[in-house]
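Provided below are the primary sequence and the corresponding predicted coordinates.
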Amino acid sequence: MMISKYFLFGLLLNEAAAFTAVTHSSLAFTPRSHTAADSSGSALQAVSVEKTKHTLYYVESINQIKDGKPQWSEEIDAYTLTNSKGVKVTGMPRGANLCDLTLGDTNYVWENKAGGAYYGPFSNSFPLSRGLILNGGVRFAAVTAEHGLYYDTDWEMSTDVSGEGEASIIFRIQDTMEQRFKVKDPFSVGQFNRADGAQSTTATGRMTKYPVTNMIFIFRITLKDDEDFVRLSMTVENPTRKSCNAEAWVPMTFPIDKNSQILSRQVTRWRRDEWWNGFVPNVINWADINTFSDDPKVDFNKPLSWPKSGIFYDFPHKQGLYHGCTIDKPGKGIVYYAPEGKPHYTKMWGWGNPDNFVREEAEKNDPLAAGRPATEYYEPWSSGFNFAFFQTAEFKPMTRYNWEIALVPVPDGLENSKSLEEKLEVVDNYIDARIESLSTVADVTETLIE
């Protein structure tokens with residue numbers, strides 16, 4: 001199915017504007033900072049809050065990534081929430097990152113323990129001239145496409161135990177001129193200067209597509225004592241008297257192996273980028289996608305069986321209640337749950353078949369892929385407002401926007417011996433068994449700031 005790109009942009013823009021205002025307020029909280037003395041769970045606090053550390057691992061350059069051995073490490077302050085269901089979730093301020101989600105002995109989010117290094121410097125592939133570094137986890141990407149402006153900045157971090165039977169870790173940052181100066185790196189140009197939908201630009205300066213917004217971005221991680229999943233709440237507040245255009249995404253990294261499969265009931269997807277597997281139509285029924293390749297090794301349901309790294313988008317928005325994958329531990333998987341009342345958007349990134357990857361060639365010709373880590377992950381992105389990278393959403397004056405998702409580990413029943421449909425039925429049943437609680441995950445909201 002081939003369609004005009006102009007029709008496609010029009011349809012997607014209409015979808016992106018489809019959510020409507022609601023009357024109830026979101027994100028009411030009373031932050032409380034904890035010290036080490038607060039860390040033990042008292043009889044009155046069902047979810048324990050512990051001040052901890054999280055370790056980040058590094059290598060000197062991308063040429064050392066293949067060795068799989070970190071050369072040095074860094075300890076970052078963090079908080080860990082634990083409940084009686086055996087769920088443990090850790091958040092650190094570096095990039096507003098949920099860096100560990102453990103159920104039993106399994107961490108369901110990817111950590112780059114082999115060591116990362118900045119890649120793609122001065123390529124205009126990422127917002128900062130120094131490039132991107134991959135630490136793993138689940139983050140809030142604020143202001144721009146491609147991981148946001150503040151992926152290696154320490155956000156303000158606090159905790160909240162005011163809710164009965166629950167606790168939260170909260171990250172906050174405001175996109176001000178002062179905050180941008182703290183990045184201490186020239187911003188990129190090229191695609192970060194082009195207007196939405198434009199093929200070129202005559203703009204001078206840097207980051208002209210994304211001027212300073214003065215908006216506030218808040219990432220809230222909540223664990224309830226009676227739930228075996230984690231709630232995420234993402235808020236964008238525009239406290240100014242003018243509209244701002246920006247992006248807000250949640251990139252998630254899940255550990256995978258060659259057998260890992262994507263878990264989703266999505267019917268239709270969009271291949272926007274012409275550089276990415278041009279033999280696949282722009283808009284496609286996902287059930288037919290493997291028929292477009294002559295290579296029997298290609299399976300687009302397996303991120304490590306894609307011909308090369310690349311991107312798909314759910315079209316015209318996310319369909320079904322969940323999206324995720326089976327992970328590198330036998331029988332296990334993780335999905336993110338989101339309600340279907342308002343349009344909700346998913347971007348998919350996969351590194352593709354490792355046998356087809358040559359780092360030296362990627363460094364010259366494909367900066368987005370040059371930093372492929374030593375261990376593998378699949379990366380879905382969630383947004384309540386942006387349907388694609390470099391397509392901004394309007395955030396109205398004196399208005400608060402919010403969307404929520406839940407990270408749901410599936411601890412068994414997803415063995416490789418089962419067909420994909422059988423695995424999806426396992427996830428369907430797992431979600432259905434928790435739907436009373438999951439149905440309280442809030443839909444996309446838009447409320448006035450009083």
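Thanks, I have it. Numbers count the residues shown, from 1 in each chain.

Find me the pLDDT at the closest residue in space to T240 that isn't next to it in sequence, would you?
Leaving aside its sequence neighbours, T240 sits nearest to N214 (Cβ to Cβ, 6 or more residues apart in numbering; 5.2 Å). In short, each C-beta sits where N, CA and C put it, glycine included. pLDDT for N214: 98.

How is N214 assigned, secondary-structure-wise?
coil (DSSP: H, G, I helix; E, B strand; the rest coil).

Look at it and say how many residues are nearby.
Other residues lying near N214 total 16 when counted by other Cβ atoms under 10 Å.

before we move on, what about the one 5 residues further on?
Using other Cβ under 10 Å, F219 is surrounded by 27 other residues.

just L438 next, same as before
20.

Any idea what the nearest residue to it once chain neighbours are set aside is bridged to?
Distances taken as Cβ to Cβ, 6+ apart place Y337 nearest to L438, at 5.4 Å, with adjacent residues excluded. Beta-bridge partners recorded for Y337 (DSSP bridges): Y322, A406.

Shouldn't D288 be within a helix?
Yes. Judged by three-state DSSP, D288 forms part of a helix.

Could you measure from it over to A406?
30 Å (Cβ to Cβ, to the nearest Å).

So which of these two has more stuff around it?
A406 (23 against 11).

Next one: the more buried one, what pLDDT does it get?
pLDDT, A406: 98.

That one contacts T440, correct?
No. Using Cβ atoms under 8 Å, A406 is not in contact with T440, being 9.5 Å away.

Need the residue closest to the centroid of this protein.
P251 (1.3 Å; Cα atoms, centre = their mean).

Show me what that one is bridged to.
Here P251 sits in beta bridges with W381, going by DSSP bridges.

Tell me who's in contact with it.
V138, R139, A141, H147, W349, E379, P380, W381 (Cβ atoms under 8 Å, 6 or more residues apart in numbering).

Next, count neighbours for the third one.
Right, the one you point to is A141. A141, neighbours per other Cβ under 10 Å, totals 26.

Next one: it relative to D328, how far apart?
Distance from A141 to D328, by Cβ to Cβ: 24 Å.

swap in the fourth one?
Taking Cβ to Cβ as the criterion, H147 is separated from D328 by 23 Å.

Now N63: closest residue in space that isn't a chain neighbour?
Using Cβ to Cβ, 6+ apart, the nearest residue to N63 is R359, at 7.5 Å.

To clarify, my last question referred to V408.
That would be F229: by Cβ to Cβ, 6+ apart, it lies 4.3 Å from V408.

check contacts around that neighbour.
Here F229 is in contact with V87, Y337, A406, L407, V408, P409, R434, S437, L438 (Cβ under 8 Å, 6+ apart).

Buried among those? Make that a ChimeraX selection.
Burial among the contacts of F229 is assessed by 16 or more other Cβ atoms under 10 Å; the matching ChimeraX selection reads:
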select :87,337,406,407,408,409,438
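
With respect to L223, which of the contacts of F229 is nearest?
V87 (6.2 Å; Cβ to Cβ).

ok, that closest one - contacts?
L101, T102, L103, L223, E227, D228, F229, V230, P409.

Who is it paired with across the strands?
Residues in beta-bridge contact with V87 (DSSP bridges): L103.

Low-confidence ranges, the chain, go.
1-45 (pLDDT under 70).

show me where the stretch 1-150 of the chain has strands.
Using DSSP state E, counting those that start in this stretch, the strands found in the stretch 1-150 of the chain span residues 48-58, 72-82, 87-92, 97-103, 106-107, 138-139, 141-143.

who touches the fourth one?
What it means is strand 97-103. Identification of contacts with strand 97-103 by Cβ under 8 Å, 6+ apart yields 54, 78, 80, 85-92, 107-109, 111, 135-139, 221, 228, 230, 232, 334, 407, 409, 411.

wait, is P409 part of a helix?
No. The assignment for P409 (three-state DSSP) gives strand, which keeps it out of a helix.

thinking it is in contact with D228, fair?
Yes. In this structure P409 lies within contact range of D228 using Cβ under 8 Å: 7.2 Å.

So which residues of the stretch 351-450 of the chain form helices?
Applying DSSP state H, counting those that start in this stretch to the stretch 351-450 of the chain gives helices spanning 359-365, 420-432, 435-438.

Looking at the ones you listed, which is nearest to F300?
Per Cβ to Cβ, nearest to F300 of the helices of the stretch 351-450 of the chain: helix 420-432, 11.5 Å.

Would you state the helices of the stretch 1-150 of the chain in chain order?
So, for the stretch 1-150 of the chain - with DSSP H, counting those that start in this stretch - the helices run 5-16.
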